[in-house]
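K.L.:
Predicted model follows, preceded by the sequence.
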Amino acid sequence: MERAKSHPGDDRCALARVEFFKLEVVVDNKDKLDEIKKRSSELVDQAVTSVKQDVDTGDIATIAKNKFIIGGAVFLLLLLFMFTGSSELNCSDTDARNDVIDIVQYELEKAQWYQDMSTHISGIDIHTVKTIRIDEALKAKECKAKYQFDYDGETIDLDVRYDIEYVEDKDEYEVLAYADDLKSKVMAMAIMSQMR
């Protein structure tokens with residue numbers, strides 16, 4: 001396993017506790033988030049409807065109260081979005097895939113044989129991403145994908161494995177690519193192409 005790349009602060013959805021007009025909301029998983037957002041939107045819609053009715057009747061005291069409720073509901077929605085910002089890094093995320101390419105390219109470019117053949121390589125991409133294993137307790141994922149590139153007009157697909165791990169003291173995720181496995185496959189391909 002070679003080099004790692006990190007991604008800061010991607011786990012803000014741990015626990016947010018907000019009290020709003022005797023409505024206590026605890027966000028401890030993403031399944032509840034949609035329900036909370038829906039309820040908050042309903043509160044805003046109800047308050048807006050009520051304000052429209054109060055404007056029609058001219059009830060100034062009720063209008064002021066409903067403006068306060070609308071402001072509180074908007075504040076609640078903002079807090080929810082803040083505490084449920086970006087989630088953990090997933091195997092198929094663009095950042096993770098780009099990091100795998102960077103790590104593998106860094107390792108390949110160390111080899112003279114690769115430098116000689118690199119002018120014939122283009123269109124590097126990661127696709128067909130699979131999550132092999134998830135360890136919720138460690139916030140870690142094991143991933144597998146196809147490392148694709150064009151070599152002299154021929155499209156080559158090679159398997160690549162990588163892990164995504166959470167670094168607690170930095171509050172960020174780290175991508176660790178098994179570059180040596182892929183490097184061996186590319187070297188074998190280079191040898192075979194020399195024999196043609």
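P.N.:
Structure's in. What do you need?

K.L.:
ok, which stretches of the protein are strands?
P.N.:
With strands called from DSSP state E, the chain shows them at 2-8, 16-20, 23-27, 121-135, 140-151, 154-167, 172-177.

K.L.:
Single out the most deeply packed of the ones you listed.
P.N.:
Among the strands of the chain, the stretch with the highest mean neighbour count (mean count of other CB atoms under 10 Å) is strand 172-177, at a mean of 22. From N, CA and C alone the C-beta is placed, and that goes for glycine too.

K.L.:
Give me the helices and strands touching that one, please.
P.N.:
When contacts are defined as 3 or more CB pairs under 8 Å, 6 or more residues apart in numbering; DSSP states H and E, strand 172-177 packs onto strand 2-8, helix 94-108, strand 154-167.

K.L.:
hmm, who's touching the last one?
P.N.:
Judged by CB atoms under 8 Å, 6 or more residues apart in numbering, the contacts made with strand 154-167 from elsewhere in the structure are 1, 6, 11, 88-91, 96, 100, 103-104, 123, 126, 128, 132, 138-150, 172-178, 181-182, 185-186, 189.

K.L.:
neighbouring strands for it, and are they parallel or not?
P.N.:
strand 140-151 (antiparallel), strand 172-177 (antiparallel) (DSSP bridges).

K.L.:
Point out where this protein drops to low pLDDT.
P.N.:
Applying pLDDT under 70 to the chain flags the ranges 1-41, 43-48, 50-52, 54-55, 58-87, 196.

K.L.:
distance of the nearest residue to I101 once chain neighbours are set aside from I156?
P.N.:
In this structure, I101 finds its nearest non-sequential neighbour in I124, 5.7 Å apart by CB to CB, 6 or more residues apart in numbering. From I124 over to I156 the distance is 10 Å, taken as CB to CB, to the nearest Å.
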